[in-house]
Structures are given as C-alpha cells and as structure tokens.
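Engineer: Return a 3D structure for these sequence lines:
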Amino acid sequence: MKKLGRLLIVEDDLTGLGLAICKRLVNAMEGEIGLESEDGAGSSFWIKIPVVEGELADLPAIVAPIQILNSSLSVLLVEDEKTNQEVALAMLEQMGCTTTLVEDGHKAIEAIRNNEFDLVFMDIQMPGIDGWETTQKIRDLKDQKKASLPIIAMTAYAMKEDADRCYEAGMDGFITKPILMEKISEILQSIETGKTTITDRESIEEMGDVFVSLEILDVNKLEKMQSDLSTAGFSKIVSACLTSLTQCNKLFEEAHVRQDFEQMARQAHKLKGAAGACGLGELFYFSENVERKARKNEIIDNSSIAEELRELVVRSSDRLNDWLKDSSLPPQPLEGNID
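Structural biologist: Okay, here's the model as predicted:
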C-alpha cells in the first residue's frame, strides 16, 4: 500500500488506523460504512450519512468562556507522565487550585492519609499499583471522609468498558487524555457547587473520545492552549513534551532490542500521552497502534518498527521546535528524568 500520510502505512507488524477512524466518525454521524472487495480486482469503500439539505449561514463562532475559580480547591494530582503532569498542573493553577503532585498509587494513598484534599485526579496506568487498585485502597480507608474523597480518572482509555471499570473501582467520573481545560473546569465547578455525582454514567461517551487531529502538528491546539495558560506553564508543557519524546523513544528502542513487550507498551503509552498533549497527531496515532500491538505481544523482532517510530519522533520534535522558534516562546527547564 502506498503512503497516505504516516497513519496509513501497512507493514507486517502494524495495521493502518484510517478505516478505524473513519468508522468512528461515520458512527458519530449515525451513518454506515462498508466495502465491496474482489480478489485481484481491488476494494471499494462506501459510506452513507443521513443529511438534510440546508442553506449556508454566516454564524459567528461561539466560544464558551472558561470559568476561573475564585476560591482555591486543594487537589491531589496522581500522574507519572511528565507532559501530562505539566498540562494538568498548569490548568489547575490557572483556575486557582492548590495542587499536590505524586507519581504513583502508594504515594497517593500516603498523601491522602496525611493531608486534606477536596478532589483527586487519578491516572490509570502507573507503575506499581494502577489507578483502579489505588482507588479501591482509598475507598477502604478507615477515615470515612478521606475514603469518600471525589476521585476523577484521567485516562487515555476512552472505551465504555474502561469507563465502567472506573466506576466499578469506586471512581466518581473520568476525563480522557489529551486533557481539555473545559473538562477540568466542569469538574471543578461541580465540586465547588457540592454536586455529589460528578459524571453521569449513562452519558459516558460525552466525556470520552477526545479527537486528536491527524496532522503532524495541530497548531490550533497549541495556540489555544497557549492563550488559556500562563506563559511559564505553557512553556513547561512544551519542554516536557520534547524531553519525553526523546527519552521515551530511547527506552522503547532498548526494550525492543530485549523484546520486552511490557516496557515497549509502557513507553509507547507515554509517547502517545506526550504527543496528544501537544497536538502531534501522527505520532499520537502511531504510538497508540504500537502500544496496542505490544500489549498483545505482536511486535516481533523487526527493526522497522523502531526505525519508523524513531523517524516520526524526530520529525515531530523538529516540527514542534520550528513552531517554538516562530512563536518566540522561551523553553522552561525541567527537573528529573523520565523512566
């Protein structure tokens, strides 16, 4: 198959994402998608979408303002990926929150035992105990006030069964990554007004499936994030992303040599998170596909996968750096390493 952008490469170890994305879009419009295929002749793909003929209207764009909270909520952020840490910290700071950051479930439980919080944002995939198990352990605490603390999952998993698992673990709701400031604002306003049910389980699809652009770099996403956040906060996000891309790709290549599927999946997941946060669409979907294959132990000892990923990481980093130069945004130094 010829290339139609990086996403539609078909290799022995990868499958293209184009049709899967098309199916999601068509389903969202209550349509149908199908194909007719004949050996040696080729395939024809078709879609049917219900539409009603209308007239063009010159309507002004309506952007709902993001509410900046006047009072300060105390928030515990449980997240191990550096870029997502910086995104959430910058958004919560912008909305007036006091935020404590921990990187794993054990530290989260200890922080809750020793401090008072109004809300927890909980990552799902973490080293040690995951977000689901961490939540269950919090719910089992003897202090009933701490055990009933509102917990919101922050997850890259947007399927309904994943949302169901969040609720079964005792979570009060979930938002999907890449994190949107509007969703953070909705959650905080719910806590401010004393709402007990933060996310309606029956409308779970509305909270998930954040669509990431297919572009190598979604400039509109970066510009919106830049306008929503402080200069320092936004700069830290971009710096964290660039650092994550380099270090996670290096760790992926080392794991690939060892055929360590668990570590390959972990690093691909981190790459997906960093790419999604900064609008690097091609890398986001490619990493998502690699992660899925690694979790199924389907990545054989084939250097082409690591080479494809390395090339895409370099191209994505270069494009983001070019945008940084054009925007005259000063990078912010980061502390620590990405494991």
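
Engineer: which residue packs closest to residue 34, ignoring adjacent ones?
Structural biologist: residue 46 (5.8 Å; C-beta to C-beta, 6 or more residues apart in numbering). Using the backbone N, CA and C atoms, a C-beta is placed for each residue, glycine as well.

Engineer: Quick check: which ranges of the stretch 51-200 of the chain have low pLDDT?
Structural biologist: Scanning the stretch 51-200 of the chain with the threshold set as pLDDT under 70 gives 54-71, 157-160, 195-200.

Engineer: ok, now with 80
Structural biologist: 51-71, 156-163, 194-200 (pLDDT under 80).

Engineer: about what we covered before: okay, the residue nearest to residue 34 and residue 251: tell me how far apart.
Structural biologist: Residue 46 sits 43 Å away from residue 251, going by C-beta to C-beta, to the nearest Å.

Engineer: before we move on, what about residue 129?
Structural biologist: On the measure of C-beta to C-beta, residue 129 and residue 251 end up 21 Å apart.

Engineer: which one of the two has more residues nearby?
Structural biologist: Set side by side, residue 129 and residue 251 show more neighbours around residue 251, with 19 against 16, by other C-beta atoms under 10 Å.

Engineer: pLDDT score for that one?
Structural biologist: According to the prediction, residue 251 has pLDDT 96.

Engineer: where does it fall, phi/psi-wise?
Structural biologist: phi -70, psi -30 (degrees, to the nearest 10).

Engineer: what do you get for residue 99?
Structural biologist: phi -120, psi 130.

Engineer: Check the secondary structure at residue 33 for me.
Structural biologist: strand (DSSP: H, G, I helix; E, B strand; the rest coil).

Engineer: who's in contact with it?
Structural biologist: Shown in contact with residue 33 (C-beta atoms under 8 Å, 6 or more residues apart in numbering): 19, 22-23, 26, 45-48.

Engineer: Mind pulling up the pLDDT for the residue nearest to residue 34?
Structural biologist: So residue 46 comes in at 83 (pLDDT).

Engineer: what does residue 284 give?
Structural biologist: 92.

Engineer: Grab the nearest non-local neighbour of it.
Structural biologist: Per C-beta to C-beta, 6+ apart, closest to residue 284 is residue 275, 4.1 Å.

Engineer: hang on, the one you found packs against residue 283?
Structural biologist: Yes - counting by C-beta atoms under 8 Å, residue 275 touches residue 283, with 4.0 Å between them.

Engineer: Quick check: neighbours shared by these two?
Structural biologist: 245, 316.

Engineer: The helix or strand where the residue nearest to residue 34 lies pairs with which strands, and in what direction?
Structural biologist: Per DSSP states H and E: residue 46 is located in strand 42-48. Here strand 42-48 is paired, per DSSP bridges, with strand 32-38 (antiparallel).

Engineer: buried sites along the partner strand?
Structural biologist: By 16 or more other C-beta atoms under 10 Å, the buried positions in strand 32-38 come out as residue 33.

Engineer: How is the protein divided into domains?
Structural biologist: 6-48, 74-207, 219-327 (automatic domain parsing).

Engineer: Among those domains, which comes closest to residue 213?
Structural biologist: Nearest to residue 213 among those is domain 219-327; the distance by C-beta to C-beta comes to 4.4 Å.

Engineer: chain center to that closest one, what's the gap?
Structural biologist: 11 Å (C-alpha atoms, centre = their mean, to the nearest Å).

Engineer: and if you look at stretch 29-43?
Structural biologist: For stretch 29-43 - counting by C-alpha atoms, centre = their mean - the centre lies 31 Å from the chain centre.

Engineer: now stretch 177-196
Structural biologist: That offset, for stretch 177-196, works out to 16 Å (C-alpha atoms, centre = their mean).

Engineer: Send me it as PDB with only the CA atoms.
Structural biologist: Extracted C-alpha coordinates of stretch 177-196, given in PDB (Å, rounded to 0.1, in the frame of the first residue of the first chain):
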ATOM      1  CA  LYS A 177      -6.500  12.500  27.600                       C
ATOM      2  CA  PRO A 178      -5.500  14.700  26.000                       C
ATOM      3  CA  ILE A 179      -6.900  16.800  28.800                       C
ATOM      4  CA  LEU A 180      -9.100  19.700  27.900                       C
ATOM      5  CA  MET A 181      -9.300  22.700  30.100                       C
ATOM      6  CA  GLU A 182     -13.100  22.900  29.600                       C
ATOM      7  CA  LYS A 183     -13.500  19.400  31.100                       C
ATOM      8  CA  ILE A 184     -11.200  20.300  34.100                       C
ATOM      9  CA  SER A 185     -13.300  23.400  34.600                       C
ATOM     10  CA  GLU A 186     -16.600  21.400  34.600                       C
ATOM     11  CA  ILE A 187     -15.300  19.000  37.300                       C
ATOM     12  CA  LEU A 188     -14.000  21.800  39.500                       C
ATOM     13  CA  GLN A 189     -17.300  23.700  39.200                       C
ATOM     14  CA  SER A 190     -19.100  20.500  40.200                       C
ATOM     15  CA  ILE A 191     -17.000  20.300  43.400                       C
ATOM     16  CA  GLU A 192     -17.500  24.000  44.100                       C
ATOM     17  CA  THR A 193     -21.300  23.600  44.000                       C
ATOM     18  CA  GLY A 194     -21.300  20.500  46.100                       C
ATOM     19  CA  LYS A 195     -22.500  18.200  43.400                       C
ATOM     20  CA  THR A 196     -22.200  14.600  44.500                       C
END
